[in-house]
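*Asks:* What follows is a predicted protein model with its sequence.
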Amino acid sequence: MFTRPLCVEELDPSVTKYNVGNKAYNLMCMSAIGLPVPDGFVIGIGEQGSMIEILSEFELYELAMPVSVRSGGAVSMPGMMDTILNVGVTRDNINELFDDEVFGKDCYRRLIQTMSTAVFNIPAELFLKIERAAIDFYIDDQLSMMNKIVELYEDIFESHTGFPFFDDPDQQLFRAVVAVQSSWNSQRAIDYRKSEGISDEGGTAVIVQQMVFGNKNEYSGTGVVFSHNPNTGKPGLYGDFLPMAQGEDIVSGYKVPVAIEAMKDDQKFRKNGKQLQTFMSKLLRRFKTIQDVEFTIDNGVLYILQARKAKCSPRASIRSALSLVNNGSMTLSEATDMVIDSLPFQGNSSINVDDAKLSRIGFGIGVSDGEVAGFIAIGKDAALQMKNENKPYIFCAELTSPEDTELMRTAIGVLTSMGGRLSHAAVLARSMGKPTVVGFESMQVCNDHVIIDDEIKVYNGSQIKIDGLTGAVYYVDE
């Protein structure tokens, strides 16, 4: 079985993104220029292995449980394939792996939830409802709260699958690897490749990496950061940071992050913020394009988990290309290629609206540039109906998930009540060139209408306008 280590002093010339995937290749590049990358190995694209073979590789690279198991095709497909964290944690080994029982059980319940939703298609809402209820009920007793959450999560898993959650770390690892490989053929991944012109051939590599924990203690956290504003192209760090959290907490949008700038004002993370600035400069020199970076701080130690070419608006690509040429990071020819690559941006068939009929109803966070007006489609059923009727609709939801990809693609814009600048809706919509506003917190999403500021009701099929730069949301008086 073809595998390679992730942490290297020099890049092996035989390694390319076509045999180890874009994510693993970039991890190796980062390791070679001295950036801190968690230890691990990659199973090459198209490689299949038995449980014994996979466990042999695990032992060869001298990893210890728990680990993360991630996908990585030759071309980046943000959010389209599965990631499974905390693999190797069981009910029986929590006290062996972790000094803090509450922290250990938090990792275990996250594993149950991710395996359940990613591998067995159990609805995520079932787990989120339990977590919210437990937080409200067990206000001052964290251990009792985690015990109850774990118990109920295990019950959900068994009631849907017919068997108890895996209590063998080796079985967990094998299942996770197979699940990540299989996610290449998920419908959302197939649809994404079709829309982006990516070949179905090959498959995905699988990255097995030592876990680092952003949820370990008050000196830990996780974040996503860009080297430039992906909406406007302004140079400087742009992103979100979430203390005491793991990566999926930011992407899911269920927890509210703080702007990346807040790190420099927090004594616990000021040093890490300065390190991050230095690392981003190194990445710009190495890859010569706007960088999209995921990082975790584990008990004060900063690790880079991923770096890739950022999905940006055309405006951002042009402005950032000019700044990179001016500071000597890239040639004019390289800048031209970068801008051209960003231009599969499609114009949106917005409704023409008389400005006199617009009533501003609030502001969210503008994350993908452009202004559009259309019919509000609240939830998947309404969006699907309007899609079939060829109506220019703005997809509206609390949050989006990878399963909403096709409905977002056929929408002219996206509006969510939750989520931050790096939530799933923000990242995917930006890559599609869809004007998008997220985090419109004054909006309550109901079945067939939304309520703004507890008083204004806007029903399915009404006309609204959104501004993906300023975050403004308008009602159109008909």
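*Replies:* Here it is on my side, so go on. Numbering: from 1, shown residues only.
*Asks:* I'd like to know how far residue 413 sits from residue 140.
*Replies:* Distance, residue 413 to residue 140, using C-beta to C-beta, to the nearest Å: 43 Å. The way it works is simple: take the backbone N, C-alpha and C, and place the C-beta from them, glycine included.
*Asks:* more crowded one of the two?
*Replies:* Applying other C-beta atoms under 10 Å to residue 413 and residue 140 shows that residue 413 carries more neighbours, namely 29 against 6.
*Asks:* Make sure I have this right: residue 68 is in a strand.
*Replies:* Yes. Using DSSP: H, G, I helix; E, B strand; the rest coil, the assignment for residue 68 is a strand.
*Asks:* Next, the contact list for it, please.
*Replies:* 83, 84, 85, 86, 87, 207, 208, 209, 210, 211 (C-beta atoms under 8 Å, 6 or more residues apart in numbering).
*Asks:* Could you count how many residues lie near the residue nearest to residue 298 when sequence neighbours are not counted?
*Replies:* Distances taken as C-beta to C-beta, 6 or more residues apart in numbering place residue 212 nearest to residue 298, at 4.2 Å, with adjacent residues excluded. Residue crowding around residue 212 was assessed by other C-beta under 10 Å; the count is 23.
*Asks:* which stretch of helix or strand covers residue 212?
*Replies:* Under DSSP states H and E, no helix or strand contains residue 212.
*Asks:* any idea how far residue 294 is from it?
*Replies:* Going from residue 212 to residue 294 by C-beta to C-beta gives 11 Å.
*Asks:* likewise residue 352?
*Replies:* From residue 352 over to residue 294 the distance is 40 Å, taken as C-beta to C-beta.
*Asks:* between these two, who's got more neighbours?
*Replies:* Counting neighbours by other C-beta under 10 Å for residue 352 and for residue 294 shows that residue 294 has the greater number, 20 against 5.
*Asks:* secondary structure class for the more buried one?
*Replies:* Using three-state DSSP, the structure places residue 294 in strand.
*Asks:* Disregarding residues adjacent in the polypeptide, which is nearest to the residue nearest the centre of the chain?
*Replies:* Centroid-nearest residue in the chain: residue 251, 3.9 Å away (criterion: C-alpha atoms, centre = their mean). Closest residue in space to residue 251, ignoring its immediate chain neighbours: residue 424 at 5.6 Å, by C-beta to C-beta, 6+ apart.
*Asks:* Per-residue pLDDT of the one you found, please?
*Replies:* On pLDDT, residue 424 comes in at 79.
*Asks:* so it makes contact with residue 399?
*Replies:* Yes. Between residue 424 and residue 399 there is a contact under C-beta atoms under 8 Å: 7.1 Å.
*Asks:* okay, and the common contacts of the two?
*Replies:* In contact with both residue 424 and residue 399: 252, 253, using C-beta under 8 Å, 6+ apart.
*Asks:* so residue 236 is in which element?
*Replies:* Using DSSP H and E, residue 236 falls within strand 235-243.
*Asks:* Quick check: buried residues in that strand?
*Replies:* Buried residues in strand 235-243, counted by 16 or more other C-beta atoms under 10 Å: 235, 237, 238, 239, 240, 241, 242, 243.
*Asks:* Each with direction, which strands does it pair with?
*Replies:* Partner strands for strand 235-243, per DSSP bridges, with pairing direction: strand 221-228 (antiparallel), strand 258-259 (antiparallel).
*Asks:* Alright, I will stop here.
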